[in-house]
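Chemist: Have a look; sequence and predicted model below, questions after that.
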Amino acid sequence: MIVLASAQIVLRNTLDFGFVWGDEFLRILVLWVAMAGAVAASRADRHITIDVLSRFLPVRANSMVKGITDLFTAIVCGVAAWYSWTFVLLEMEFESTILGGLPAWPFQMVLPVAFGLISWRYLLHGLKSIGAVLGLSGREDES
């Protein structure tokens, strides 16, 4: 990605030439890398968080708040997955093209797939946190 972006800049500034498909392809790559990173972060529960309450709450309450937050995240990502799927269906219907004539929808499928995976993972994280607070996890609670 860096090589292509740099080549685009050098070619435009020195030769008044660039790859017609370059900018569009870079945008697609950035989208795919961002979504892959988000999915990887959700797998390990390593997304960026604003963690103000955890310093002040006891372990049990902190686990409950984390569970509720994770379930809310799952709902938001589920809604995003649904609407991005609707977007992909519209792109298929209108036969949108990118990169000089390729159908756009296969490149955009990363959106509903990634949001769906993130939603699923945060649903599991949330249920695990709340299950631990309620004693449903099968192991001793640390509080």
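Modeler: Good, I have the coordinates.

Chemist: hey, where'd the helices end up in the chain?
Modeler: 2-15, 22-43, 59-93, 105-108, 110-134 (DSSP state H).

Chemist: Give me the helices and strands touching the longest one, please.
Modeler: Going back to what we said before, that points to helix 59-93. Contact analysis of helix 59-93 by 3 or more Cβ pairs under 8 Å, 6 or more residues apart in numbering; DSSP states H and E lists helix 105-108, helix 110-134 as its packing neighbours. For glycine as for every other residue, the C-beta is placed from the backbone atoms N, C-alpha and C.

Chemist: And for the second one?
Modeler: Counting contacts by 3+ Cβ pairs under 8 Å, 6+ apart, the secondary-structure elements packed against helix 22-43 are helix 2-15, helix 110-134.

Chemist: right, so of the helices and strands packed on helix 59-93, which gets closest to Val59?
Modeler: With Cβ to Cβ as the measure, helix 110-134 is the member of the helices and strands packed on helix 59-93 nearest Val59 (9.2 Å).

Chemist: circling back: with mean pLDDT, distance to Tyr83 and mean neighbour count added, can I get the helices and strands packed on helix 22-43 in CSV?
Modeler: As requested, the helices and strands packed on helix 22-43 are exported to CSV (pLDDT from 0 to 100; distance: least, Cβ to Cβ, whole Å; neighbours: other Cβ atoms under 10 Å):
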stretch, mean pLDDT, distance to Tyr83, mean neighbour count
helix 2-15, 91, 30, 11
helix 110-134, 95, 9, 19
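
Chemist: of the ones you listed, which approaches Ile98 most closely?
Modeler: helix 110-134 (13.2 Å).

Chemist: quick one: that closest one to helix 59-93, angle?
Modeler: 160 degrees (axes from the mean of the first three to the mean of the last three Cα atoms, to 10 degrees).

Chemist: how big is the angle separating helix 110-134 from helix 22-43?
Modeler: 10 degrees.

Chemist: picking up where we left off before, JSON lines for the helices and strands packed on helix 59-93, including distance to Ala34?
Modeler: Formatted as JSON lines, the helices and strands packed on helix 59-93 follow (distance: least, Cβ to Cβ, whole Å):
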{"stretch": "helix 105-108", "distance to Ala34": "13"}
{"stretch": "helix 110-134", "distance to Ala34": "9"}
